[in-house]
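**Q** the following block contains a protein sequence and its predicted model.
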Amino acid sequence: MTAFSSSLRGKGRRAAAAAGAVSLGLLALSACDQPTPRATVTAGQDSVTAEASCYEDGKTIGDLTSKNKAEQAKFEKCMTAKPDRTITIHPGDKVRLGVEPDMAEQGWIAMANGMPVTSLSKQTYTSVEGDRVFYNQQTQQMADSATISIMTSKGGKYTGVWNIKLERASS
């Protein structure tokens with residue numbers, strides 16, 4: 001009987017150790033950052049998808065209309081964050097912009113180098129003429145590159161910014 005009961009105690013210890021390891025593994029997984037929603041830019045046959053430059057699970061990240069300079073600066077920093085994804089746009093290409101349904105539900109707008117290229121939308125997809133993205137309204141010239149910033153908005157306050165670099169292909 002002693003051999004049988006010590007065998008059960010050994011199995012019980014192994015089971016407890018395994019349960020503890022599983023619990024620690026689940027705890028470690030729950031501490032991981034969840035991926036942010038993604039924005040996609042497509043031109044011709046090429047497509048790039050990017051995670052957010054700034055996103056805090058749908059919370060407000062900034063308000064340009066705020067009198068609080070720190071809130072304005074935080075948002076401007078998001079807008080000027082260096083894109084980690086690039087796509088080449090060829091003459092005559094349409095630039096297609098896509099967002100996830102959760103982003104569309106909030107409402108979103110796209111800007112090229114700080115100038116709006118779309119109006120506020122609740123659709124998951126829109127397109128703009130490629131040349132429009134590179135046109136600099138201040139200098140009235142075509143730029144060689146542009147940064148598309150896709151921004152989600154809730155109640156007029158921004159909740160996320162996705163930056164993707166666009167390069168204009170030579171003719």
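**A** Noted; the coordinates are in hand. Residues are numbered from 1 along each chain as shown.

**Q** helices of this protein, residue ranges please.
**A** For the chain, the helices defined by DSSP state H cover 2-30, 69-79, 101-106, 130-134.

**Q** restrict the shortest one to CA atoms and write it as PDB.
**A** As requested, the backbone C-alpha atoms of helix 130-134 are provided in PDB (Å, rounded to 0.1, in the frame of the first residue of the first chain):
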ATOM      1  CA  GLY A 130      -2.300  59.100 -56.700                       C
ATOM      2  CA  ASP A 131      -1.300  62.500 -58.000                       C
ATOM      3  CA  ARG A 132      -3.500  64.200 -55.400                       C
ATOM      4  CA  VAL A 133      -1.500  62.600 -52.600                       C
ATOM      5  CA  PHE A 134       1.800  64.100 -53.900                       C
END
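
**Q** which residue packs closest to G58, ignoring adjacent ones?
**A** Of all residues not flanking G58 in the chain, T159 sits nearest, at 5.4 Å (C-beta to C-beta, 6 or more residues apart in numbering). To be clear about C-beta, it is placed using only N, CA and C from the backbone, and glycine gets the same treatment.

**Q** quick one: pLDDT of the one you found?
**A** Residue-level confidence at T159 comes out at 93, pLDDT.

**Q** which of the helices of the chain has the lowest average pLDDT?
**A** For these, mean pLDDT drops lowest on helix 2-30, to a mean of 48.

**Q** can you map out the strands along the chain?
**A** Counting by DSSP state E, residue ranges of the strands within the chain are 38-43, 46-51, 54-55, 86-89, 94-99, 108-112, 115-116, 125-129, 135-136, 141-142, 145-154, 157-168.
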